[in-house]
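Enquirer: here are the coordinates; sequence isn't available:
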């Protein structure tokens, strides 16, 4: 939907139209004399017109800001377009002649405002180029500290549990030994008592036999028995056997306290050291990570010059086409060094070709309809294997190694940052909201992005992922549209198309910060600015586009587009 300059809502997705009557083309320029936005064609006509050829026409972002038109209350026919420097109030030209302002100095309000605009723009540039990036860097550092602290605390908990288990095993061993000793003492005492019991059983039997003998003497049955009893000497009864009572052992409970146990198990202490302040890069060095070489300075100047001279072309031109062997469609495109092209389709074929169409390498992967690979600044290819939950690396000598294991999460899409070499991965897991995980270049997890400030989930299926020139993380999500967060993970905006249906697939950004995304539902490529405002449908079905699935921008600022049901890649020029 197009808007005039005065109709632009602050957060709307829009593009500016030319201010010339009956012209609805995209606005790129601005006449400071007429205060009118205009397209490229109207600018050319404006500069050819004898009446306006000397007008100052600039790029729209470099326009002079117009001050509000307001009539003087004392002189209603005059505009308040001056400022009294002594009184610091706006007034009209007639007011300068009044008694109150006699001898005062007056300044053109538009000039004063223009100076302030420059000051404010400088402050905005400071915020965007220094304060905001540095603050976001600190937030990333804090997020890394959170991960590190959680890792350290989990290690402490594990060590505590291991120590407790060790002490428990020691207690169990000592207790087992003590119980064994008790069992042996018990066995010895019981054996003694059993022997005493047997002695008395024998003694009682002896007494019973003795009683029978005496009874036989009392009632002899014949003379012989009587004679025998008279001859017998008096029988002496044996004394009762002497026995001793057992002496049982005594258990003396150990003397211990909670403090004693704490000493055994160890304790946690917080070092009495002053916390180190985080290092904040000074403003003069904030944009300089390393001292650039002469070649790097030249490249930076060239890039800067390109950025300042480039603008959207009034029309999109097809430059060339490539046929990629070994694939049935083009679901993802990546351009590597030396003009090497990586292309994948929806059945896992991953092919590398040169720009003449010769196949250099082919790999069978588990990838499907997502941006599952990326090329690092070192020229390595990194691709996801969501079935085995691993990220693989292919070095320039074609060695394949497992680079990052993603645990329970399936890696879906991936992008290697050309800003700081971080690796951004779109992740999915059954029963969990999807997320984007940031790893550093060595594969250490440093950030997870999953919800916005209100706790709402950001992603449904993050099929494609890329990064903008300001560090924003841009995700193409079938269910959530284009979701953009800043590098600290704060949600900036979401773009859901220009109609009721929007099916985003491949996504990329360019040197001007534009976001380009494929919409397979309408067979178009949408062009957004860095803040998510819709600029135009860059490519449409009328230009032969059908089911666009993949996009990327090369070093010459050309747009490469891949489509479904064809292995042809088309290259377009859209910047000038």
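Expert: Perfect, thanks for sending it. These figures come from a predicted structure and were not determined experimentally. Residues are numbered from 1 along each chain as shown.

Enquirer: rest of the way, CA atoms for contacts and neighbours
Expert: Fine.

Enquirer: packing partners for the helix ranked longest in the chain?
Expert: Looking across the chain with DSSP state H, the single longest helix is helix 132-218. With contacts taken as 3 or more CA pairs under 8 Å, 6 or more residues apart in numbering; DSSP states H and E, helix 132-218 sits against helix 223-231, helix 258-265, strand 445-449.

Enquirer: what's the closest of these to residue 385?
Expert: Of all the helices and strands packed on helix 132-218, strand 445-449 sits nearest to residue 385, with 17.4 Å by CA to CA.

Enquirer: Which neighbours in the sheet does the closest one have, and how are they oriented?
Expert: Taking DSSP bridges as the criterion, strand 445-449 forms sheet pairs with strand 432-439 (antiparallel).

Enquirer: mean confidence score for the strand it pairs with?
Expert: The average pLDDT for strand 432-439 rounds to 93.

Enquirer: Return the most buried member of the helices and strands packed on helix 132-218.
Expert: For the helices and strands packed on helix 132-218, average neighbour numbers computed from mean count of other CA atoms under 10 Å are highest in strand 445-449, which has a mean of 21.

Enquirer: buried set for the helix or strand that it is followed by?
Expert: Where DSSP states H and E defines the elements, the next helix or strand beyond strand 445-449 is strand 462-467. For strand 462-467, the neighbour count (16 or more other CA atoms under 10 Å) marks 462, 463, 464, 465, 466, 467 as buried.

Enquirer: Ok, stretch 381-399 next?
Expert: Residues 381, 382, 383, 384, 385, 386, 389, 390, 391, 392, 393, 394 are the ones in stretch 381-399 that count as buried (16+ other CA under 10 Å).

Enquirer: Which of those sits closest to residue 344?
Expert: residue 383 (10.9 Å).

Enquirer: centre of the chain versus the helix or strand containing that closest one, how much separation?
Expert: Assessed by DSSP H and E, residue 383 sits inside strand 381-385. Relative to the chain's own centre, strand 381-385 is displaced by 17 Å; criterion: CA atoms, centre = their mean, to the nearest Å.

Enquirer: outside of it, which residues touch it?
Expert: Identification of contacts with strand 381-385 by CA atoms under 8 Å, 6 or more residues apart in numbering yields 365-367, 372-376, 390-395, 410-414.

Enquirer: Of the helices and strands packed on helix 132-218, which shows the lowest average pLDDT?
Expert: Note on these: lowest mean pLDDT is at helix 223-231, with a mean of 73.

Enquirer: got the angle for it vs helix 132-218?
Expert: Angle between the axes of helix 223-231 and helix 132-218 is 110 degrees (criterion: axes from the mean of the first three to the mean of the last three CA atoms, to 10 degrees).

Enquirer: Could you verify that residue 123 is part of a strand?
Expert: No. Residue 123: not assigned to a strand; according to DSSP: H, G, I helix; E, B strand; the rest coil it is helix.

Enquirer: So for it, what pLDDT did the model give?
Expert: At residue 123, the model reports a pLDDT of 88.

Enquirer: distance of it from residue 61?
Expert: For residue 123, the distance to residue 61 equals 16 Å [CA to CA, to the nearest Å].

Enquirer: okay, these two: which has more neighbours?
Expert: Between residue 123 and residue 61, residue 123 has the larger neighbour count (other CA atoms under 10 Å), namely 13 against 10.

Enquirer: Which strand residues bridge residue 30?
Expert: Applying DSSP bridges, one finds that residue 30 bridges with residue 37, residue 58.

Enquirer: check contacts around it.
Expert: Residue 30 neighbours (CA under 8 Å, 6+ apart): 36, 37, 38, 57, 58, 59, 60, 63.

Enquirer: Out of those residues, the closest to residue 201 would be?
Expert: Residue 201 lies nearest to residue 60 out of these, by CA to CA, at 122.0 Å.

Enquirer: Would you map the helices across the protein?
Expert: Remark: helices assigned in the chain by DSSP H are 40-48, 109-126, 132-218, 223-231, 258-265, 294-309.

Enquirer: lowest-confidence stretch among the ones you listed?
Expert: Note on those: lowest mean pLDDT is at helix 294-309, with a mean of 50.

Enquirer: Return the residue of the chain that is most distant from the centre.
Expert: residue 223 (121.9 Å; CA atoms, centre = their mean).

Enquirer: sorry, back to before: need the helices of the chain in a markdown table (columns: distance to residue 491).
Expert: Output for the helices of the chain, formatted as a markdown table (distance: least, CA to CA, whole Å):
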| stretch | distance to residue 491 |
| --- | --- |
| helix 40-48 | 34 |
| helix 109-126 | 20 |
| helix 132-218 | 13 |
| helix 223-231 | 123 |
| helix 258-265 | 45 |
| helix 294-309 | 26 |
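
Enquirer: most neighbours per residue, which of those?
Expert: Comparing the helices of the chain on average neighbours per residue, with mean count of other CA under 10 Å, the densest one is helix 40-48 at a mean of 16.

Enquirer: count of neighbours near residue 412?
Expert: Based on other CA under 10 Å, the number of other residues close to residue 412 is 30.

Enquirer: Below-threshold pLDDT in the chain: ranges please.
Expert: 1-15, 232-235, 284-309, 337-338 (pLDDT under 70).

Enquirer: for the strand ranked longest in the chain, which positions count as buried?
Expert: Looking across the chain with DSSP state E, the single longest strand is strand 312-323. The neighbour-count check on strand 312-323 (16+ other CA under 10 Å) flags 312, 314, 322, 323 as buried.
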